[in-house]
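>>> Here is my input; please provide its structure:
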Amino acid sequence: MIAALVAANAAFAQIIPSGGSEFNPPLPPPPPPKIEAPVIPQMDAPMTQNYAPAPQESFSDRITTCLDEAAANGLGPSARAAYSRACANQ
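The predicted model follows:
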């Protein structure tokens, strides 16, 4: 009989997380996500130009391109080496 009363009381107990109290108010809901309309280009607005120079290829990129060109033209290994040196140093 006593075991039944203890089990009944345990069923009504609330589990309180560590660091919390039963007297703490509930946390407020998170703020809604911020929604912004996308920028729409105007038909009569002047076009903006990017006047920045194109980035320069690295020497390794130039060598790779030149070796690919030499291979595509059917050059042998020694001719590819000579072609890639001349091509990359232009």
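>>> How far does the one helix or strand residue 66 maps to sit from its chain's centre?
Taking DSSP states H and E as the definition, one finds residue 66 inside helix 59-72. Relative to its chain's centre, helix 59-72 lies at 31 Å (Cα atoms, centre = their mean, to the nearest Å).
>>> and what of stretch 77-90?
38 Å.
>>> what do you get for stretch 62-74?
On Cα atoms, centre = their mean, the centre of stretch 62-74 falls 33 Å from the chain's centre.
>>> Could you give the average pLDDT over it?
Averaging pLDDT along stretch 62-74 gives 94.
>>> Beyond the helix holding residue 66, next helix or strand please.
helix 77-88.
>>> and residue 62, how many neighbours does it have?
Counted by other Cβ atoms under 10 Å, the residues lying close to residue 62 total 16. All C-beta spots, glycine's among them, are computed from the backbone N, C-alpha and C.
>>> and residue 52, helix, strand or coil?
Of the three states, residue 52 takes coil according to DSSP: H, G, I helix; E, B strand; the rest coil.
>>> For residue 59, see how far away residue 87 is.
11 Å (Cβ to Cβ, to the nearest Å).
>>> Kindly report the same for residue 22.
Going from residue 22 to residue 59 by Cβ to Cβ gives 70 Å.
>>> So which of the two has more stuff around it?
residue 59 (10 against 6).
>>> list the helices and strands the helix holding residue 66 packs on?
helix 77-88 (3 or more Cβ pairs under 8 Å, 6 or more residues apart in numbering; DSSP states H and E).
>>> No further queries at this time; thank you.
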